[in-house]
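[1] Below are the sequence and a predicted model; questions follow.
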Amino acid sequence: MAIFKQNAPHLRRNASVTRMMVDVLVALAPTLIFSFIIYPIKTLIFYLISVVIMEAAEFIYVGLKGIMPNDGQKHSFKERFNYAYKGKYNQNNILTAAITAIIYTLIMPAGAPIYAVIIGALVGIVLGKLVFGGLGSNIFNPAAVGMLFAKVCFGSQYAKNVPTWYYTVADVTTAPTALSNSAGTLNGLIENFNNANFLDMFIGRMYGTLGEVYTVTILVGAIYLLIRRSADFRVMLPYLGAFALFSLVAGLGFYAVDGTTNPGAFTLFSLLSGGVMFGGVFMLTDPVTSPINSPSRIIYALVAAVSTVFIRLFTAYPEGVGFSILIANMVAVVLDHYEWSSPRYTWKKFLTMGLLIIIPAAIIFLVIKFGGVYHA
Amino acid sequence: MVCNSLQKYYNETMIAKTTHINDTKNLVGSLPAVRYTEPQYLYIAMANARCPNAELFIKEGDHVNSCQVIGMRHAAFFDQPIHATCSGTFVGLEKHYHRNGKLTDFIKIENDFKDTLDPSVKQRTPEEIAALTKDDMTEIIKNCALVGLGGSSFPTYIKFQTNKPIDIILINGIECEPYITADHRLMLEFPRRVIDGIKYAMQAFKCNKAKICIKSKYKDIKQVYEQVLKEYENSGIEICCVKNYYPQGWEVAMIKEATGIQLKPGELPSNRGIMNFNVSTMVGLYKAIKYNMPVIKRFITITGDGIKNPMNFRVRVGTSVRDLLSQYCGGYINPDKDKVFIIGGPMMGNSVPSDDIIITKTVTSIIILDKEDYVEQPCVRCGSCVLSCPVHLEPVQIMNAVKSLDKERIKMLNPLRCIECGLCAYSCTSKIHVTDYIRRAKVFAKL
């Protein structure tokens, strides 16, 4: 028996990063399984491609980071391998790449060509994560980076590929998703809204990416994450709440113009359509790319909600969650700057939060009512 | 109960404010203290953390009485007499580990088991005590070398010298760190000494209100004091149950909970009319005022996962822990495993590289744990340390600033406000020793 000296504290909490990642995997599992039932082949192929690419990239990255410095002597491959990987490559490296791969798979559209999936996965893991220094150092969500790169570069090549046994729409090739429409205007959006069936949307009987449309399984995952506290409710709930509020304001704007749109139903439609639920539950809450303290996390969530609504309503892109997550990730770095970062709630922070809600809400309402973007 | 288990669950979850440490007080909390452990040799420290120099008044072979002044410690602005804690023969100086973790000279006294008291020890009558003013008491406790016995070892007479009006005296019996039960046993076994000590302090400060703060889960202490306080009518002393959080024993948290006053960082409690003492200091005050006696015995806890029989003791100051361990605690569990010896609580205590520890006045507990090696993972910025920090710092930002050696950034993040409660490292999901980084940041910030 030897007696050692160590610095206080001598106890540690029974919680680990590994458990947090396993929690996220468990929370993602229902959605992945649902997606696998609806699109068995696509999900399997996309997942295998992305998980192989991402695990390989992570593995090679750890090896490159641990290259043995030249000390004038010859070392065998085994020595070099041990130098690079021993104690530096562990279950966390495997789990983090697996989570990124699952999220990336679930936000890719079913009609994406294989080469787009490969390039997107490579760009996502390398430019989104590894160039910053791997686990814990990235500032952007790697899955969102990969998905958006593939979409921006190869979006025109995406096909409409849907299983007809699950969807009830007659014309597969020209049918719009809930958000995108042939006209690309707010009038088209309201048309979609008037044709929408909320139960179908809730169980994912609509067009969208592989995993983001199954609101029911995403909710199960969200509840699990909140109970286990592996995702911060200070990000998830303000994001979804502020998004619902902005949608309500937009719905009021539509009602003010045409007099028939139901604002409450439009709010529900906005929440159920597109990737809001998936992004808010699984991507925005990634602690690595969130700010560090609780008031900043709320501001971060509000920024994401504002940009999501603006991109959805007023840009050529029908879906804004991916972009808004990247914008919020950029803001997170600013919020963490040491000169103003503090875990205390001050009146300045409350003012910021209030302005982040009031000004965008006013803009949304006024633009829809008077901006001429929507006609009765 | 439901609330407690929920709280426990939330402390074990990921991104959460940690307020509870896994508490193992049930190990020894209800065990009565073992008394009359008369060892062959007693060791009295020459210097301590606050007094680096000391001189000795006796020669080798001299006979000393219990409570006799045998030396004087010198510090920058005060002197502190050294008292013998038993009667016997002065053998010589030996080096042992002090509670600050350093090898220090100890005065070795061979016990003659007669316990003859020094003539300076005399009982004061109640009339004499009633006539004492604050200045008299200050002089008495200065000569008795009474210090803060909760672990701070701050001289109590300096607290008595304040001229500010004191409205309320708070007695800290919270003992918020896990494992330690010394104050718990003291409060249960000597309630009248505690209350008498508080009465003397109230007499000195001319205040008529005092609160004994305990954790609300200690129903046994509450019952004892509610019963005993009936004997002291209109004493103005009441028992105050505070929440079971860690670090509730931190004076700012205790004052907030007991009186509702929020101290500013660095503000002295006496500015707001509050004086706070540890319970064992109050018993020391009782002994000093009533019998003119220094602290020669104290309660300690020897516990931890590494030994067979965890126990509470009431021992003479100067007892060697090695003797207690072999005689009473039954040795180690898993003697092959590496151990850590901690003096004080497991969250803030020092660890020493040997079991050759001497119990000084301010040692509250010895905790023997099996050494566990934690592998540091990269920080995933979960924010648990920021949520848990009781002084609202951002430990992870300070850690990153230390890693990049950015002095300006470290200063802006105020690491000097840290109380080193250890919650940041305790709550870290990546098992990073965040508290160590903050200690380094403190060094940087002082440059």
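    Sure thing, it's come through.

[2] Tell me the helix or strand right after the helix-or-strand element of chain A with minimal mean pLDDT.
    Ranking every helix and strand in chain A by mean pLDDT, DSSP states H and E puts helix A:186-195 at the bottom, with a mean of 79. Moving toward the C-terminus from helix A:186-195, the next helix or strand (DSSP states H and E) is helix A:198-202.

[3] now what about that next one, what contacts it?
    Contacts with helix A:198-202, where a contact means Cβ atoms under 8 Å, 6 or more residues apart in numbering or on different chains, come from A:168, A:178, A:206, A:213, A:215-216, A:265, A:268-269, A:272-273. Backbone N, C-alpha and C define where each C-beta goes, glycine included.

[4] now with 6 Å?
    Contact partners of helix A:198-202, identified using Cβ atoms under 6 Å, 6 or more residues apart in numbering or on different chains, comprise A:215-216, A:272.

[5] avg pLDDT for it?
    Helix A:198-202 carries an average pLDDT of 83.

[6] And that helix, what's buried?
    Neighbour counts over helix A:198-202 (16 or more other Cβ atoms under 10 Å in any protein chain shown) mark A:200-202 as buried.

[7] Extract the C-alpha trace of the least confident helix or strand of chain A and format it as CSV.
    Extracted in CSV, the C-alpha atoms of helix A:186-195 (Å, rounded to 0.1, in the frame of the first residue of the first chain):
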residue,chain,number,x,y,z
LEU,A,186,-45.9,32.9,-48.9
ASN,A,187,-49.1,32.3,-50.8
GLY,A,188,-47.8,28.9,-51.7
LEU,A,189,-47.0,28.3,-48.1
ILE,A,190,-50.5,29.1,-47.0
GLU,A,191,-51.9,26.9,-49.7
ASN,A,192,-49.8,24.0,-48.3
PHE,A,193,-51.1,24.9,-44.9
ASN,A,194,-54.7,24.8,-46.0
ASN,A,195,-54.1,21.3,-47.5
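
[8] can you give me the offset of it from its chain's centre?
    Mean-position distance between helix A:186-195 and its chain equals 25 Å (Cα atoms, centre = their mean, to the nearest Å).

[9] That helix - contacts with which helices or strands?
    Packed against helix A:186-195, as judged by 3 or more Cβ pairs under 6 Å, 6 or more residues apart in numbering or on different chains; DSSP states H and E, are no other helices or strands.

[10] Show me which positions of that helix end up buried.
    So, applying 16+ other Cβ under 10 Å, buried residues of helix A:186-195: A:186-190, A:192-193.

[11] same check, this time on stretch A:364-374
    Under 16+ other Cβ under 10 Å, the buried positions of stretch A:364-374 are A:364-365, A:367-369, A:374.

[12] How about stretch B:154-172?
    For stretch B:154-172, a neighbour-count test (16+ other Cβ under 10 Å) marks B:155-157, B:159-160, B:166, B:168-172 as buried.

[13] Could you work out the most separated pair of the residues you listed?
    Greatest spatial distance among these (Cβ to Cβ): B:Pro155 and B:Ile168, at 21.9 Å.

[14] so how many other residues sit close to B:Gly284?
    28 (other Cβ atoms under 10 Å in any protein chain shown).

[15] Check the secondary structure at A:His10 for me.
    Under the three-state scheme (DSSP: H, G, I helix; E, B strand; the rest coil), A:His10 adopts coil.

[16] Kindly report the residues of chain A close to chain B.
    A:1-17, A:20, A:92, A:135-136, A:228-230, A:232, A:287-288, A:292-293, A:338, A:343-344 (Cβ under 6 Å from any Cβ of the partner chain).

[17] Of those, grab the buried ones for ChimeraX.
    A single ChimeraX command is used to select the members of these judged buried by 16+ other Cβ under 10 Å:
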select /A:3,6,8,9,10,11,12,13,15,16,17,20,92,135,136,228,229,230,232,287,288,292,293,338,343
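
[18] And the buried residues of stretch A:364-374, which is closest to chain B?
    Taking Cβ to the nearest Cβ as the measure, chain B lies nearest A:Ile364 of the buried residues of stretch A:364-374, at 31.0 Å.

[19] so how far is the helix or strand where that closest one lies off the chain centroid?
    Assigned by DSSP H and E, A:Ile364 belongs to helix A:347-370. Centroid displacement of helix A:347-370 relative to its chain, using Cα atoms, centre = their mean, is 24 Å.

[20] quick one, that helix and helix A:186-195 angle?
    Angle, helix A:347-370 to helix A:186-195, by axes from the mean of the first three to the mean of the last three Cα atoms, to 10 degrees: 90 degrees.

[21] Can you name every helix or strand that helix A:347-370 contacts?
    For helix A:347-370, the packing partners by 3+ Cβ pairs under 6 Å, 6+ apart are helix A:233-258, helix A:294-314.

[22] Check these for me and report the most buried one.
    Most buried of the helices and strands packed on helix A:347-370, by mean neighbour count (mean count of other Cβ atoms under 10 Å in any protein chain shown): helix A:294-314, with a mean of 24.

[23] Name the surrounding residues that touch the helix or strand just after that one.
    Where DSSP H and E defines the elements, the next helix or strand beyond helix A:294-314 is helix A:321-335. Outside helix A:321-335, the residues within contact range by Cβ under 6 Å, 6+ apart are A:139-141, A:144, A:147-148, A:275-276, A:279, A:283-284, A:289-291, A:296, A:300, A:303-304, A:307-308, A:311.

[24] Same check on stretch A:115-127?
    If you take Cβ under 6 Å, 6+ apart as the criterion, stretch A:115-127 is touched by A:46, A:49-50, A:53-54, A:57, A:104, A:108, A:142-143, A:145-146, A:149-150, A:154.

[25] so how far is that stretch from its chain's centroid?
    The chain centre lies 16 Å from the centre of stretch A:115-127; the measure is Cα atoms, centre = their mean.

[26] quick one on the thing from earlier: buried members of the contacts of helix A:198-202 into ChimeraX, please.
    Remark: buried members of these, expressed as a ChimeraX selection using 16+ other Cβ under 10 Å:
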select /A:215,272
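
[27] any residue of stretch B:151-164 up close to chain A?
    No - judged by Cβ under 6 Å from any Cβ, stretch B:151-164 makes no contact with chain A; its nearest approach is 12.2 Å.

[28] now do the same end-to-end measure for that stretch.
    This stretch, stretch B:151-164, spans 25 Å end to end (Cα to Cα, to the nearest Å).

[29] what's in contact with it?
    Outside stretch B:151-164, the residues within contact range by Cβ under 6 Å, 6+ apart are B:50, B:78, B:138, B:141-142, B:146-148, B:270, B:344, B:362, B:364.

[30] Buried residues in stretch A:63-70, which are they?
    A:63, A:66.

[31] where along the stretch 1-150 of chain A do the helices fall?
    Here the stretch 1-150 of chain A has its helices, by DSSP state H, counting those that start in this stretch, at A:17-38, A:40-65, A:77-85, A:91-107, A:114-128, A:142-154.
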